[in-house]
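Enquirer: here is the input, now give the coordinates:
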Amino acid sequence: MRKPGSKRKPTASKKPQPTPRPTPKGPIQHVVIIVKENHAFDNYFGRFPGADGDPNLATASDPPSTDHPHDHAAWLERATGAPKEQYGQPNIPNYWRYAQQYTLCDKYFTAVAGPSTPNHLMLIAADSPIINNPHYRDPINTQPPFNLPSLPANLEKAGLTWRNYGGYAQGYITALKGSKNNVTAQKFATDAAAGKLPTVSWLYGPTGLSEHPVESVQAGQKWTGQQVDAIVKGGLWPNTVVFITWDDWGGWYDHVTPPLVEQWKDGTQFTYGSRVGCLVLSPYAKAAYISHTQHTHVSLVKFCEKTFGLPSINARDKAADDMSDCFDFAQKPLAAPGPAI
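Expert: The predicted model follows:
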């Protein structure tokens, strides 16, 4: 009992503690999806040994001399209208080195024929209500953001984190537009080198380094390699997966016909878009492996869902392949790649 006349000592107020974020289970704590621009599989990897490529195409100039048409109309005429040209190891040494050390997918298709925007949306939402290539900042574009479920939203619901480094498609989705997680591409290397990446990162090459024709291929691949270097520098390599892919075919020829996605009752057929490369870098990626399993952009969404215990967004990602053939989690972890060249 307090004595009469005595003063009660003030109780120190406790600051509310932040809610702890759950730690993903398993060896993978971070997924980085690097999205480059506009190169079909044969255009980059047609000469890669062991891959299903056409090695006999003409050598393309670097930088490309023109931005080839790559919309739906051009895609329908790709067999005769697409330039049959390609690059080789001297032009993209980092990509070839990654393919030699880790995993290259030679049966990886874009989710839709093109162009960029629908495939960018597929990479974050496994769906695209847009079939053309408008830009949400364009004043003539009156389409409001869509109430579209997405992988970033599901990460947030699970208490996990995400960040969009330099992409614009997030602006089409109501729940993501205006998010503080939409930052510049330049911030990625800083965050990675500091060891502070979120659970899932989407990284897009900035103008001049995205590899979109007429940008330099060699400069773009070097920039990509420097982002991988930052991951290694920040000590994140042991528990990170890096996927490097290209958003669409870019108007270039590829000799493989995309498979059928679905067929309507009236007989209308829908196929995936053209093949593009997909590199899988991780201590647990299969070494010097070429995946001949069918994958698409939505497979990367499915991989994140499986890895972090998230629900499917829709029927497309529920039915998608999960990239599992690219990994061996029982193997001795692979060493990090050397510095970019």
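Enquirer: for residue 119, give me phi and psi.
Expert: In terms of degrees, to the nearest 10, the main-chain angles of residue 119 are phi -70, psi -30.
Enquirer: my guess is it contacts residue 246. True?
Expert: No. Contact status for residue 119 versus residue 246: not in contact, 9.1 Å apart, counting by CB atoms under 8 Å. Placement of C-beta: from N, CA and C, glycine included.
Enquirer: neighbour count winner among these two?
Expert: More crowded of residue 119 and residue 246, by other CB atoms under 10 Å: residue 246, with 28 against 25.
Enquirer: per-residue pLDDT of that one, please?
Expert: We have a pLDDT of 98 for residue 246.
Enquirer: list the contacts for it?
Expert: Contact partners of residue 246, counting by CB atoms under 8 Å, 6 or more residues apart in numbering, are 35-40, 44, 211, 276-277.
Enquirer: just the buried ones from these?
Expert: Buried by 16 or more other CB atoms under 10 Å: 35-40, 44, 211, 276-277, out of the contacts of residue 246.
Enquirer: out of the contacts of residue 246, which one sits closest to residue 178?
Expert: Residue 178 has its nearest neighbour among the contacts of residue 246 in residue 35, at 21.0 Å by CB to CB.
Enquirer: touching, the closest one and residue 211? I think so.
Expert: No. Taking contacts as CB under 8 Å, residue 35 lies outside contact range of residue 211: 10.3 Å.
Enquirer: so what sits against both of these two?
Expert: 205, 246.
Enquirer: for the stretch 201-341 of the chain, what spans make up the strands?
Expert: With DSSP state E, counting those that start in this stretch as the criterion, the stretch 201-341 of the chain has strands at 240-246, 260-263, 269-271, 278-281, 289-291, 295-296.
Enquirer: dump stretch 41-60 to CSV, keeping only the CA atoms.
Expert: Taking Å, rounded to 0.1, in the frame of the first residue of the first chain, the C-alpha atoms of stretch 41-60 are listed here in CSV:
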residue,chain,number,x,y,z
PHE,A,41,14.8,-16.8,-78.0
ASP,A,42,16.6,-17.5,-81.3
ASN,A,43,17.6,-13.8,-81.4
TYR,A,44,19.7,-14.3,-78.2
PHE,A,45,20.2,-18.0,-77.6
GLY,A,46,19.8,-19.6,-81.0
ARG,A,47,23.5,-20.4,-81.1
PHE,A,48,23.8,-21.6,-77.6
PRO,A,49,25.1,-25.2,-77.5
GLY,A,50,22.5,-27.8,-76.6
ALA,A,51,19.5,-25.4,-76.7
ASP,A,52,16.7,-25.8,-79.2
GLY,A,53,17.7,-22.9,-81.3
ASP,A,54,18.3,-22.0,-84.9
PRO,A,55,22.0,-21.1,-85.2
ASN,A,56,22.0,-20.2,-88.8
LEU,A,57,20.4,-16.7,-88.7
ALA,A,58,22.2,-13.6,-89.9
THR,A,59,24.2,-11.7,-87.3
ALA,A,60,22.3,-8.7,-86.0
